[in-house]
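A.B. asks: 3D, please:
(one chain, ligands or ions: 1)
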Amino acid sequence: MTNRRGSRGGAGKNSGRGSKVAYGKNRFGKTKGGKSGAGASILGSHVSVQRTLTVRLKRKKGRTNSQQRWLQRQLNDPYVSEAQRRGLRSRAAFKLMELDQRFELLKRGAKVIDLGAAPGGWSQVAIDVVGETGVVVGIDLSPVAPMEGVIFLEGDFLDPDAPDRLKRELGGLADVVLSDMAAATTGHAPSDHLKIVALAETAIDFAVTVLAPGGGFVAKVLQGGTERTLLTKLRQNFARVIHAKPESSRKESAELYVVAMGFRGVQEDESPK
Ligand SMILES: C[S@@+](CC[C@H](N)C(=O)[O-])C[C@H]1O[C@@H](n2cnc3c(N)ncnc32)[C@H](O)[C@@H]1O
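C.D. replies: The predicted model follows:
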């Protein structure tokens with residue numbers, strides 16, 4: 001299912017333009033020499049989000065231990081409440097804001113692919129920065145509520161036809177490929193690790209066929225464990241490769257992002273046949 005570019009997402013707080021982050025606007029106002037004061041202050045305010053009180057939940061019949069823990073954590077997570085306050089679709093949106101603040105990946109007018117886009121927090125940040133002259137195309141296994149200016153495809157990125165569907169909707173080379181894809185966890189750490197690395201590797205294989213020279217790439221990976229193939233691929237294809245753990249990524253989570261910049265361009269043996 002495709003939500004066409006320009007489709008209205010409604011006026012609710014989870015709709016696209018209606019829920020502007022105000023983050024991109026500040027990026028648009030960035031001076032040539034670097035970030036404007038306003039842009040930095042808006043991001044600064046999220047980084048300084050403080051935990052002010054601890055909500056303790058009464059145990060409720062029918063709630064499992066893990067549901068109880070999840071709810072307790074949500075209620076006490078300052079990023080969750082700040083995301084709700086700003087009308088962001090996910091607390092994950094802060095991770096992309098932080099990565100972008102640090103690495104300046106997103107630019108006005110850029111073409112962006114968002115892999116694992118649901119519920120749409122990263123796309124929200126991306127469209128806010130790239131603006132009406134940019135393009136954002138997302139894909140997820142789950143349907144994503146419409147967002148003005150963003151095209152969402154519903155489907156498995158690992159399906160053989162997914163890369164062509166994404167490229168068709170993008171209509172040209174991408175400036176940035178983002179992947180926050182994560183398979184449902186099994187609780188068996190080595191299997192979960194393998195799955196997330198496989199998703200990241202597939203994302204890289206796709207990125208090198210769609211990125212414009214100089215383009216950027218971000219993918220979620222997990223700490224601890226070998227990602228040699230992944231890093232080798234990235235170093236072959238990008239001028240700069242860095243691991244980053246945004247402050248908004250939960251400390252107890254092994255999640256980490258690999259950020260690659262300065263795509264070297266399609267290599268001879270990688271040209272689409
Ligand atoms: C952490 S969530 C992404 C959150 C998103 N960045 C945001 O800010 O709203 C990870 C997403 O990856 C998606 N995903 C996992 N495997 C996928 C696959 N093979 N193809 C497409 N989406 C996938 C999941 O359905 C899930 O919605």
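A.B. asks: who does residue 263 bridge with?
C.D. replies: With DSSP bridges as the criterion, residue 263 is bridged to residue 238.
A.B. asks: quick check: it touching residue 211?
C.D. replies: Yes. Between residue 263 and residue 211 there is a contact under CB atoms under 8 Å: 4.5 Å. For the C-beta atoms, the positions are set from N, CA and C on the backbone; glycine is no exception.
A.B. asks: okay, and the common contacts of these two?
C.D. replies: residue 217 (CB atoms under 8 Å, 6 or more residues apart in numbering).
A.B. asks: what are the pairing partners of the helix or strand in which residue 220 is found, and which direction each?
C.D. replies: Using DSSP states H and E, residue 220 sits within strand 211-222. Take DSSP bridges as the rule and strand 211-222 pairs in its sheet with strand 174-179 (parallel), strand 255-263 (antiparallel).
A.B. asks: now distance to the ligand too, for those strands, in TSV please.
C.D. replies: Below are those laid out as TSV (distance: least, CB to the nearest ligand atom, whole Å):
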stretch	distance to the ligand
strand 174-179	8
strand 255-263	9
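A.B. asks: residue contacts, residue 102?
C.D. replies: With contact set as CB under 8 Å, 6+ apart, residue 102 has these partners: residue 244.
A.B. asks: pretty sure residue 197 is touching residue 228, no?
C.D. replies: No. The pair residue 197 / residue 228 is not scored as a contact, 10.1 Å apart, by CB under 8 Å.
A.B. asks: what parts of the stretch 1-150 of the chain come near the ligand?
C.D. replies: Contact residues (CB under 6 Å from any ligand atom) of the stretch 1-150 of the chain with the ligand: 89-90, 92-93, 116-122, 139-142.
A.B. asks: buried subset of those residues as a ChimeraX selection?
C.D. replies: Of these, the buried ones can be selected in ChimeraX as follows, counting by 16 or more other CB atoms under 10 Å:
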select :89,90,92,93,116,117,118,119,120,121,122,139,140
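A.B. asks: widest-spaced pair of the residues of the stretch 1-150 of the chain next to the ligand?
C.D. replies: Greatest spatial distance in these: 93 and 141, 19.3 Å, computed using CB to CB.
A.B. asks: before we move on, back to that, return the strand holding residue 220 as PDB; C-alpha atoms alone will do.
C.D. replies: Below are the C-alpha coordinates for strand 211-222, written out as PDB (Å, rounded to 0.1, in the frame of the first residue of the first chain):
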ATOM      1  CA  LEU A 211      23.000   6.800  -3.000                       C
ATOM      2  CA  ALA A 212      24.400   9.800  -4.800                       C
ATOM      3  CA  PRO A 213      28.200  10.400  -4.400                       C
ATOM      4  CA  GLY A 214      28.800  12.100  -1.100                       C
ATOM      5  CA  GLY A 215      25.600  10.600   0.400                       C
ATOM      6  CA  GLY A 216      25.200   9.400   4.000                       C
ATOM      7  CA  PHE A 217      24.000   6.200   5.700                       C
ATOM      8  CA  VAL A 218      22.800   5.400   9.200                       C
ATOM      9  CA  ALA A 219      21.900   1.900  10.500                       C
ATOM     10  CA  LYS A 220      21.000   0.500  13.900                       C
ATOM     11  CA  VAL A 221      23.300  -2.200  15.100                       C
ATOM     12  CA  LEU A 222      24.000  -3.800  18.500                       C
END
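A.B. asks: next one: stretch 217-224 to chain centre, how far?
C.D. replies: 11 Å (CA atoms, centre = their mean, to the nearest Å).
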